[in-house]
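> I'll drop the sequence and a predicted model, then ask my questions.
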Amino acid sequence: MPFKLRNINKLAFNKQMALPLKFKSIKNRENYLVSKCNIEAVKLIENSTFWQNSKKTNSIPGAIVYGPKGSGKTHLSSILKQEIDCVYLTSLSNNCLEQVIEGKNFILDNFVPGKNFPSELVMHFINQVTYKEGSILLLSRLSPFQMEWNLDDLNSRIRSLVSSEIKLPDDVLLYSFIVKYSNEKNLFIGDKKLIYILERLDRSFESVIKVIDRLDTHSLQFNEKVTYKNIKIILDSLNEY
């Protein structure tokens, strides 16, 4: 499948520009880049007073972080999982209700109305966690007001949650990220090759990490510098999925 090149304003990239890039260290995971596109979500996740207080906003023990695929929602949730004991779920079943014990915390990923999250079961689950004074972090590609549940009460409860949006990075931020991330791996890539990569990637940190990690592995394995040929091979391999 051929790449659809993105239009990038190359004049916007200045090697001397100073962007407020800050990486948060996450145990056993890649560092998480904090920028204006996700800073409010990071503040929410790091708000220990909120997560440790059993009396959450409107007595609902949770919050929702939403944004497009590749914006880093799941990666961000690792910060919370590192701080408090959380059960990570990508769907709900009746067995999940048995996991709700006193003070238990949950992360529900890919949280959207549908077969993985039936409305009635979601309602029972929230009620159980509320009663047991635990907490829930919901990760979704949809905002609370874009979700349409089969229960009016559930719509109301979800929409009353504290929420924060994560946006995809702009090209200048993505360029800065790829420079910093590749340099940290001692993988030095010239500006023209960087632009070549960015023009062919989805606008997400996730895509950059995958490409740089594979280039790094290839470089170490074959003791080669980064070439256009190797970049193309790796980009083609990612594009097959």
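Great, that's in hand.

> where does this structure have its least confident helix or strand?
In the chain, the helix or strand scored least confidently by mean pLDDT, DSSP states H and E is strand 22-24, which has a mean of 61.

> span of stretch 138-150 from start to end?
From its first residue to its last, stretch 138-150 covers 18 Å (C-alpha to C-alpha, to the nearest Å).

> same check, this time on stretch 145-165
From start residue to end residue, stretch 145-165 stretches across 12 Å - C-alpha to C-alpha.

> quick one: mean pLDDT for that stretch?
Mean pLDDT, computed over stretch 145-165, is 95.

> buried ones in it?
147, 149, 154, 155, 157, 158, 161, 162, 163, 164 (16 or more other C-beta atoms under 10 Å). Where you see a C-beta, it was placed from the backbone N, CA and C, and this is true even at glycine.

> for these, give me a markdown table that also has distance to residue 215 and secondary structure.
Below are these laid out as a markdown table (distance: C-beta to C-beta, whole Å; DSSP: H, G, I helix; E, B strand; the rest coil):
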| residue | distance to residue 215 | secondary structure |
| --- | --- | --- |
| 147 | 38 | coil |
| 149 | 43 | coil |
| 154 | 45 | helix |
| 155 | 45 | helix |
| 157 | 45 | helix |
| 158 | 41 | helix |
| 161 | 40 | coil |
| 162 | 39 | strand |
| 163 | 36 | strand |
| 164 | 32 | strand |
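
> out of those residues, who's nearest residue 185?
residue 164 (30.0 Å; C-beta to C-beta).

> does the closest one touch residue 41 like I think?
Yes - here residue 164 reaches residue 41: they are 4.1 Å apart, a contact under C-beta atoms under 8 Å.

> what is in contact with the two at once?
residue 65 (C-beta atoms under 8 Å, 6 or more residues apart in numbering).

> picking up where we left off before, tell me the strands beside the following helix or strand past the least confident helix or strand of the chain, with direction?
Using DSSP states H and E, the helix or strand that follows strand 22-24 in sequence is strand 32-34. Applying DSSP bridges, strand 32-34 is found paired with strand 22-24 (antiparallel).

> which helix or which strand is home to residue 81?
helix 73-83.

> give the buried residues for that helix.
73, 74, 75, 76, 77, 78, 79, 80, 81.

> likewise for stretch 91-98?
Buried residues in stretch 91-98 (16+ other C-beta under 10 Å): 92, 96.
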